[in-house]
Structures are given as structure tokens and as C-alpha cells.
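> Got a predicted structure plus its sequence, pasted below:
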Amino acid sequence: MLNSARKKEKDPEGRMPLAEHLRELRNRLAKAVLAIVVVTVVAAFYYKNIIEFFTNPILDAVGCQSTLSELAQQRSGTCARIVLNGLLTPFTLALKVSLMAGVIFASPIWLYQLWAFIVPGLHRHEKKYALAFVGTGVPLFLGGAFFAYKTLPTMATVLLGFSPADLDNQLPLDDLLDLIVRMVLVFGLSFELPLLLVMLNLTGVLTGRRMLGWWRGMIMGITVFAAVATPSTDPLTMLALAGPIWVLYFMATAFSLLNDRRKRRREAEGPDDDEASELDLTPEDIGEVETVSAGGALPGQTTPDRVNGYDDVT
């Protein structure tokens with residue numbers, strides 16, 4: 001019983017053998033995969049609603065509400081119809097949409113498993129920063145995804161505006177969903193740029209003053225990236241991506257400047273309780289060496305003139 005109790009006791013510093021690390025990693029991965037599978041199965045029953053959620057705004061903007069003959073008489077411009085090509089396309093599309101929904105909606109569970117695996121090896125202040133990164137990264141990604149969702153109708157209207165008049169556009173649903181997912185990922189990951197800059201500042205790699213000096217190049221770089229990342233050529237969609245990133249960049253710069261000032265004030269306070277203090281390895285002069293006379297080889301022996309256990313007799 002005593003040995004089993006000792007085995008269950010955890011190291012307060014989070015240390016464990018390599019086999020325990022691998023076992024814990026396996027358990028965390030199994031729980032994350034199980035959560036994704038369960039959510040994917042549930043989402044499979046509602047995949048049509050998920051598809052409608054993404055495609056309805058586009059259809060509302062550019063959908064064909066009339067027949068081809070009525071459109072030809074009205075001369076009302078171009079429109080689009082979403083279609084499926086192939087016999088197996090509906091089935092593969094259902095699998096793709098369900099898996100995508102499973103990964104997204106199960107993200108709190110697998111992010112928690114990742115956090116629970118990393119947190120034992122972190123110091124107290126590192127745990128605080130890591131929790132802040134996770135808590136900030138998810139809303140930033142969702143914010144970028146929301147901007148992508150809102151700009152999709154405008155983007156579709158601009159792109160379909162290049163079609164010749166009185167022609168019916170057919171949009172394959174699988175290609176349209178791939179474009180939507182790509183837009184969501186691009187917008188979501190681009191919103192993580194300020195978080196990356198803050199992380200580099202907290203680790204001491206990048207200073208706030210240097211970030212502030214880069215503001216002209218960053219504005220130009222973000223603008224070029226937004227122009228390349230968005231498929232449409234209209235400035236509205238480009239500004240919808242570039243504008244929020246500009247604001248987030250200057251917010252990250254302001255945070256980094258305040259953090260640098262706070263870090264300078266904490267330099268004289270010393271390390272935290274769970275951190276080792278820095279060692280001064282600079283060599284120092286030890287002064288003159290004091291000579292010590294050699295004692296006898298045996299107790300009570302006072303003769304110093306012995307070499308290798310023999311008397312030094314001349």
C-alpha cells in the first residue's frame with residue numbers, strides 16, 4: 001500500500017520519467033481524437049444545416065431567383081446557382097463538412113488536453129502567460145473567421161460581376177466550401193499575428209520599441225498580404241482583412257512597450273519562488289595560497305621526510 005501511494009504522488013515541479021510522459025501523451029491524444037470523433041458523428045446529422053449556414057449568405061447576394069428566360073427579359077445582371085457534380089460528391093461532401101465541424105466544435109476539448117499536457121512543466125508566471133495565450137488566441141481566430149463570413153457575399157458579388165451578361169453561373173458546392181474554409185483559415189490565422197508578436201516580446205526576443213519602428217513596413221506588408229489573400233479584387237474585402245490587423249498590431253505594440261517598462265522595474269526584485277537565481281560565473285582572484293606542512297603518514301609520526309612510505313635517508 002505504501003509503495004502504491006508513493007507511485008500516485010506527483011512531483012510538485014511536474015517532473016516525471018520519459019515513459020510517464022509518453023503514456024500521458026497517448027492518453028491526451030486519445031481523449032482529443034475521441035472528442036473529435038464524437039462531435040463529427042453528431043455533426044453528420046446536421047451537415048445540411050451547416051452547409052446552408054455558409055452558402056445562404058452567398059445565395060442571398062448572388063442567387064438566381066428566376067428562370068433563365070425571365071432573367072433574359074429582365075436584363076438584371078448575373079447570378080449563380082450552387083450545384084453538385086458526380087454521384088459520390090454528396091457523400092464525400094457530407095464527410096468533409098462533418099469532420100470540419102468536429103474539429104472546430106471540439107476545439108475546447110483538444111485545446112484543453114494540449115494545455116493539460118504542457119502545463120506541468122511550466123513555471124508559475126509561464127502558466128499565467130500560456131493560459132492567456134490560449135484564452136486570447138481562440139477569440140482572435142473566431143473574430144477573423146467572423147470577418148471572413150461577413151465579407152463572403154461581397155466577394156462573391158464582385159467576382160461574379162466579371163461574368164458576361166445574361167449568363168447563369170454554376171458554383172460546384174465542394175469548390176465553394178473549399179474556398180470558404182480557405183478564407184476562414186486565412187482570416188483567422190492572420191488575426192493571430194499580434195499574439196505572436198506579444199509572445200516574442202514576453203520571451204525577450206522582440207522589444208516594443210523595435211515593433212514601433214516597424215510600423216510603416218508592417219502596414220505595407222499587411223496591406224499586400226490582404227490583397228493577395230483575398231480572392232476578390234475589390235478594396236472593401238481587402239480593407240476588411242487589413243484594417244483589423246492594423247489595429248491589432250498597434251495594440252500589440254502598445255502592450256509590448258508597457259511590458260518592457262514593467263520588466264525594467266522588476267529587474268531589481270529578483271526571481272520568483274519557483275525559479276532559480278542567476279549564477280555569477282565570473283572568475284575571481286583567490287589571493288595568496290597559504291602553505292600547509294605535510295603531516296606524518298601514521299598517527300603519532302612527526303617525521304615529514306617520507307616519500308612513498310619510505311624514509312628519505314641520505
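Received, thanks.

> Report the distance from the helix or strand that contains residue 149 to the chain centre.
For residue 149, the element it lies in under DSSP states H and E is helix 124-160. On the basis of Cα atoms, centre = their mean, to the nearest Å, helix 124-160 sits 11 Å off its chain's mean C-alpha point.

> tell me which strands and helices it is in contact with?
When contacts are defined as 3 or more Cβ pairs under 8 Å, 6 or more residues apart in numbering; DSSP states H and E, helix 124-160 packs onto helix 47-62, strand 79-83, helix 107-118, helix 173-190, helix 193-202, helix 235-266. In short, each C-beta sits where N, CA and C put it, glycine included.

> one more time with 6 Å, if that's ok
Applying 3 or more Cβ pairs under 6 Å, 6 or more residues apart in numbering; DSSP states H and E, we find helix 124-160 packed against helix 47-62, helix 173-190, helix 193-202, helix 235-266.

> can you pull the buried residues of the longest one?
What that stands for is helix 235-266. For helix 235-266, a neighbour-count test (16 or more other Cβ atoms under 10 Å) marks 237-242, 244-246, 248-250, 252-253, 255-257, 260 as buried.

> Same check on the second one?
Neighbour-count burial for helix 173-190 flags 173, 174, 176, 177, 179, 180, 183, 184, 186, 187, 188, 190 (criterion: 16+ other Cβ under 10 Å).

> Just put these in CSV and tack on pLDDT.
Formatted as CSV, the buried residues of helix 173-190 follow (pLDDT from 0 to 100):
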residue, pLDDT
173, 87
174, 85
176, 86
177, 86
179, 84
180, 85
183, 83
184, 83
186, 84
187, 84
188, 84
190, 85
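
> mind giving me CSV with these and columns for distance to residue 216?
Formatted as CSV, the buried residues of helix 173-190 follow (distance: Cβ to Cβ, whole Å):
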residue, distance to residue 216
173, 43
174, 42
176, 38
177, 38
179, 32
180, 33
183, 28
184, 30
186, 24
187, 24
188, 26
190, 19
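
> Go through these and say which is closest to residue 202.
residue 190 (20.7 Å; Cβ to Cβ).

> residue contacts, that closest one?
For residue 190, the contact set (Cβ atoms under 6 Å, 6 or more residues apart in numbering) comprises residue 245.

> Report how many residues lie close to residue 167.
By other Cβ atoms under 10 Å, 12 other residues sit near residue 167.

> wait, which of the helices and strands packed on helix 124-160 is closest to residue 163?
Comparison of those against residue 163 by Cβ to Cβ identifies helix 47-62 as nearest, at 9.8 Å.

> for residue 169, phi and psi?
With angles defined as degrees, to the nearest 10, residue 169 sits at phi -90, psi 130.

> what does residue 106 give?
Dihedral angles for residue 106 - degrees, to the nearest 10 - are phi -90, psi 10.
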